[in-house]
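Undergrad: Below: sequence and its predicted model.
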Amino acid sequence: MKIIHQINLIMLAAKSIGYDSNPMIGFDTQKVSKIINLPEDHVISMLMEIGKQTKPAMQRGGQLSLDKVVFTDKFT
């Protein structure tokens, strides 16, 4: 089973008992490994936070119209 499937199962299980979750990427794996004293034969592939939401999520930006992102037969 791939890691993403395992993460999805954990996130769904958390939601089913009233918790929110968020997978995280873009962290410094070497720093995290040092902080948690990770054995050298282990690898961090992803971090995930699980907890109770304290405020609503921020609004996502609007989607650009197709004429802003799709170009045909030319470069602009």
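TA: Looks like it arrived, so ask away.

Undergrad: The residue nearest to Ile7 when sequence neighbours are not counted: what secondary structure?
TA: Residue nearest to Ile7 in three dimensions, not counting chain neighbours: Pro23, with 5.7 Å by Cβ to Cβ, 6 or more residues apart in numbering. Any C-beta I mention is one placed from the backbone N, CA and C, and that applies to glycine too. Under DSSP: H, G, I helix; E, B strand; the rest coil, the three-state class of Pro23 is strand.

Undergrad: please renumber so the chain begins at 42
TA: Right, with 42 as the first residue, what we last looked at is Pro64.

Undergrad: Go ahead and confirm Pro64 touches Met87.
TA: Yes - with contact defined as Cβ atoms under 8 Å, Pro64 and Met87 form a contacting pair (5.8 Å).

Undergrad: Do a quick rundown of the strands in the chain.
TA: With DSSP state E as the criterion, the chain has strands at 61-65, 88-92.
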